[in-house]
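**Q** Fold the following and give me the result.
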Amino acid sequence: MPHPLPARRPKDARPARSLRKAGELAEAGLIAPSEEAGARAVAARYAVAVPPALADAIMEDATGALARQFVPRAEELVIAREELQDPIGDDAHAPVKGIVHRYADRVLLKPLHACAVYCRFCFRREQVGPAGDALDADELDAALRYIETHKEIWEVILSGGDPLLLSARRLKDIMSRIAAIDHVGVIRIHTRMPVADPARITRALVRALKCTKAVYVVLHCNHEAELTADAKAACARLIDAGLPMLAQTVLLKGVNDDAATMERLLRALTAGRIKPYYLHHPDLARGTGHFRLPLEQGRALMESLRGRLSGIAQPTYVLDIPGGHGKVPVGPGYLRPGAAAGEWLVTDPQGAEHPYPPKA
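**A** As a prediction, this is how the structure comes out:
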């Protein structure tokens, strides 16, 4: 069921602060009065926050795709049998508080579990919130000691929550301490902030992210309407400071599950100097079944983009295997064995098969 479009409001009527209650969402025009009771029930279970800039973007979005991502609806209270409290198995790979170590050469460091905005499909929706767990000084020390004593760790991914919700001072401290670990070569930042609250991407915050190691910023962005002028300017501040940006996107029913919408997003990201990185099949988080679609549909979508969209604009379609078994590519295949030994059949972007090596 499509999310109803919010009523238009004057541009000078921006909320003064983040909207966190169903009544505030209704007063701002983001939900209809008939939806307020359902939104209130959802907000009693899962975190809700819509920052002022994002509230404006939702009001301006004629497609309803932003409202569907960020505004709570009663469907979130429907729990399917296959849905999980910890859908990608973080808990089983958490040796110390704040660390997730699923892959030998990289770890997640989660300094906090709060976000500027709470996506209605979030795979960590059972853990995140305004009162979400944050690492105290001793816990942060222990997490960094874990990284320091595990020499195989080459990449540290700041996640959460949204790490860019931290102050520039705290970020600078964390970044410099990670950078001081010799065997760490790359620091990656996963964030929604340029979309959710672009004004927080200040010059001071950008300076705090720069350190002696390679730093990549990965933006979570699912629809072209998220890339407002302010969001693009926030990303440009990061990129112009020498911080390369990638993007990860979640494939969501009713948001970006058709080829034309996905193509516009991927082109907009690439034109903004942001490389599309992953397209995630939605995780089995509880109460998110209304966002999920069959793997076959995602594979067909990716196949339709091959040949009509530049390779630099193509993300890898991935599934995070439930239970903590890791991500794997699940996109369409273009190669299958031929009849003879050493022969292959290759499918071109138009769907025709060709032998490889070519027949004489």
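**Q** which residues does the nearest residue to Val255 once chain neighbours are set aside contact?
**A** Leaving out its chain neighbours, the residue that sits closest to Val255 by C-beta to C-beta, 6 or more residues apart in numbering is Ala65, at 4.6 Å. C-beta coordinates here come from the backbone N, C-alpha and C atoms, glycine included. By C-beta atoms under 8 Å, 6 or more residues apart in numbering, the contact set of Ala65 is 222-223, 225, 254-256, 261.
**Q** Farthest pair within the residues you listed?
**A** The span of the contacts of Ala65, defined through C-beta to C-beta, is set by Ala225 and Gly254 at 13.4 Å.
**Q** how about the strands of the stretch 151-300 of the chain, start to end?
**A** In the stretch 151-300 of the chain, the strands defined using DSSP state E, counting those that start in this stretch lie at 155-158, 186-191, 214-220, 245-250, 274-280.
**Q** Take those and write them to TSV, including mean pLDDT.
**A** Below are the strands of the stretch 151-300 of the chain laid out as TSV (pLDDT from 0 to 100):
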stretch	mean pLDDT
strand 155-158	98
strand 186-191	98
strand 214-220	98
strand 245-250	98
strand 274-280	98
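**Q** Of all the ones you listed, which one is nearest Pro332?
**A** strand 274-280 (12.2 Å).
**Q** what does stretch 332-349 contact?
**A** 299-300, 302-303, 306-308, 353-357.
**Q** That should have said stretch 105-112, apologies.
**A** Under C-beta under 8 Å, 6+ apart, the answer for stretch 105-112 is 90, 98-101, 132-135, 140, 143-144, 146-147, 150, 152-163, 165-166, 170, 174, 178.
**Q** Which positions within stretch 16-24 qualify as buried?
**A** By neighbour count on 16 or more other C-beta atoms under 10 Å, the buried set for stretch 16-24 is 18-19, 22, 24.
**Q** Out of these, which is nearest to His183?
**A** Ser18 (39.1 Å).
**Q** mind listing what that closest one touches?
**A** 49-52, 116.
**Q** at 10 Å what do you get?
**A** Neighbouring residues of Ser18 by C-beta atoms under 10 Å, 6 or more residues apart in numbering: 24, 48-55, 116-117, 130, 196-197.
**Q** Pull out the buried members of these.
**A** 24, 48-55, 116-117, 196-197.
**Q** related to what we said a few turns ago, please list only the buried members of the contacts of stretch 105-112.
**A** The buried subset of these - by 16+ other C-beta under 10 Å - is 90, 98-101, 132-135, 140, 143-144, 146-147, 150, 153, 155-163, 165-166, 174, 178.
**Q** out of those, which are inside helices?
**A** 140, 143-144, 146-147, 174, 178 (DSSP state H).
**Q** Which two among those residues are spaced furthest apart?
**A** Applying C-beta to C-beta across those, the maximum distance is between Tyr146 and Ile174, 14.1 Å.
**Q** show me the contacts for the closest residue to Gln297 other than its chain neighbours.
**A** Using C-beta to C-beta, 6+ apart and skipping the chain neighbours, the partner closest in space to Gln297 is Asp257 (6.7 Å). Going by C-beta under 10 Å, 6+ apart, Asp257 touches 251, 291, 293, 297-298, 301.
**Q** Is the residue nearest the centre of the chain bridged to anything, and to what?
**A** With distances taken as C-alpha atoms, centre = their mean, the residue of the chain nearest its centroid is His220 (3.4 Å). In this structure, His220 bridges to Gln248 when assessed by DSSP bridges.
**Q** Quick check: it vs Arg200, distance?
**A** 15 Å (C-beta to C-beta, to the nearest Å).
**Q** Tell me which other helices or strands the strand or helix carrying Ala41 touches.
**A** According to DSSP states H and E, Ala41 maps onto helix 36-43. Contact analysis of helix 36-43 by 3 or more C-beta pairs under 10 Å, 6 or more residues apart in numbering; DSSP states H and E lists helix 22-27 as its packing neighbours.
**Q** The helix it packs on - contacts with which helices or strands?
**A** Other helices and strands packing on helix 22-27, by 3+ C-beta pairs under 10 Å, 6+ apart, are helix 36-43, helix 52-60.
**Q** What average pLDDT does that helix get?
**A** For helix 22-27, mean pLDDT is 95.
**Q** Please point out which parts of stretch 224-243 sit buried.
**A** Neighbour-count burial for stretch 224-243 [16+ other C-beta under 10 Å]: 224-228, 230-232, 234-239, 243.
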